[in-house]
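Peer 1: Show me how the following folds:
(4 chains)
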Number of protein chains: 2
Amino acid sequence: MDQEPEDYVLEEQVGHLLRRAYQRHLALFQGIMGEDGPTSMQFAALHVLWRRGPLSQNLLGRALAMDPPTVKGVVTRLMARGLVVRDRDAADARRLRVALTPAALAALPAWVGKARAVTAATLAPLSREDQARLGTILGKLG
Amino acid sequence: MDQEPEDYVLEEQVGHLLRRAYQRHLALFQGIMGEDGPTSMQFAALHVLWRRGPLSQNLLGRALAMDPPTVKGVVTRLMARGLVVRDRDAADARRLRVALTPAALAALPAWVGKARAVTAATLAPLSREDQARLGTILGKLG
DNA sequence: CCCCGATCATGTGCACACTAACAAGTCTAG
DNA sequence: CTAGACTTGTTAGTGTGCACATGATCGGGG
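Peer 2: Modelled structure (predicted):
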């Protein structure tokens, strides 16, 4: 336990490396999606709704690992862009059912293609083995 | 290029995995530092100033991979907490020199110890080999 | 049937992060 | 020695993310 202060090198800490890697990913996402494309989280929300159909905000948040206030923000912005609509669940008046609009359905196929390109670009600096390893290791951290 | 929509599984995308891992890290950071400890970025800034001495906001930002508006916010909050002071650089009137206060110097050794614990906790689910691999791979993504 | 705990959503306040546009100081080429 | 380029910092606007407190609704046990 003879820990000199020098032992702590910021650039080697996982937290710093994770932050940098995620930052880089977000920059690639924005660059590839373009000016009027969805943000990273907006796309993730749309994709979940596409795969699973209309969901309450709460379920949407769980699928995305977002807490309720954050979901609200994302959904509000998606409504403002005309990509989702929201109404009360008939069976449970607490729930707000979020559903895609036709505009979102029309745009999604192209966006999924771009999202694939983002993943490829993010992983581009790595060998195939490292790409697989990274996925496996990050999965264990979830 | 026969890409079915099903090919895109959110939970397998690097971006999602990076975000989750970083979220978990931040939660551990806050939990270990405690209520009145610094946030992750505040600690990183303090540590850089400790290692390198007073820096301009710009240099501080480069050391931390933060852009200027973000640095300003972090420095403002650190000033409000009495952990840094800011003055104009005598040699270059554009620069704002940021320096640690005695309060920060007194608190830093304990905080560095906790920061080490955060790194350990973040990596805890991984084998030693995976810990090393993760560092190497994330380094290539920077 | 009614109350009580669990669930769903909201509002507020704080922190971080990026863009774009701007102001001010420094430096160098001509 | 001055004009334009570069560097440094700020402001404003948007988006993500968390904790905490509050209110509305649902479900089950007495």
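
Peer 1: and whichever residue of chain A sits closest to DNA strand C, how far is that from chain B?
Peer 2: The nearest approach of chain A to DNA strand C comes at A:Asn58, 2.9 Å away (Cβ to the nearest atom of the strand). Bear in mind the C-beta positions are built from the backbone N, C-alpha and C, glycine included. A:Asn58 sits 17 Å away from chain B, going by Cβ to the nearest Cβ, to the nearest Å.

Peer 1: give me the number of residues near that residue?
Peer 2: Look at A:Asn58: counted by other Cβ atoms under 10 Å in any protein chain shown, it has 13 neighbours.

Peer 1: and the residue nearest the centre of chain A, what does it touch?
Peer 2: Note on chain A: the residue nearest the mean C-alpha position is A:Met41, at 3.9 Å, using Cα atoms, centre = their mean. Contacts for A:Met41 were tallied using Cβ atoms under 8 Å, 6 or more residues apart in numbering or on different chains; they are A:64, A:66, A:74.

Peer 1: any idea where the helices of chain A begin and end?
Peer 2: A:14-33, A:40-52, A:57-64, A:68-80, A:102-123, A:128-141 (DSSP state H).

Peer 1: how big is the angle separating the third one from helix B:14-33?
Peer 2: Between the axis of helix A:57-64 and that of helix B:14-33 there is an angle of 100 degrees, by axes from the mean of the first three to the mean of the last three Cα atoms, to 10 degrees.

Peer 1: Give me the helices and strands touching helix A:57-64, please.
Peer 2: For helix A:57-64, the contact count by 3 or more Cβ pairs under 8 Å, 6 or more residues apart in numbering or on different chains; DSSP states H and E identifies helix A:40-52, helix A:68-80, strand A:96-100 as packing neighbours.

Peer 1: quick one: the second one to chain centroid distance?
Peer 2: So that's helix A:68-80. 13 Å (Cα atoms, centre = their mean, to the nearest Å).

Peer 1: Turn the helices and strands packed on helix A:57-64 into JSON lines, columns for mean pLDDT.
Peer 2: Formatted as JSON lines, the helices and strands packed on helix A:57-64 follow (pLDDT from 0 to 100):
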{"stretch": "helix A:40-52", "mean pLDDT": "97"}
{"stretch": "helix A:68-80", "mean pLDDT": "97"}
{"stretch": "strand A:96-100", "mean pLDDT": "97"}
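
Peer 1: A:Ile40: neighbour count?
Peer 2: One correction, residue A:40 is Ser, not Ile. Using other Cβ under 10 Å: A:Ser40 sits among 21 other residues.

Peer 1: May I have the residues that are in contact with it?
Peer 2: Counting by Cβ under 8 Å, 6+ apart, A:Ser40 touches A:25-26, A:29-30, B:15.

Peer 1: Output the helices and strands packed on helix A:57-64 as JSON lines; include the columns distance to A:Ala132.
Peer 2: Converted to JSON lines, the helices and strands packed on helix A:57-64 look like this (distance: least, Cβ to Cβ, whole Å):
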{"stretch": "helix A:40-52", "distance to A:Ala132": "22"}
{"stretch": "helix A:68-80", "distance to A:Ala132": "30"}
{"stretch": "strand A:96-100", "distance to A:Ala132": "33"}
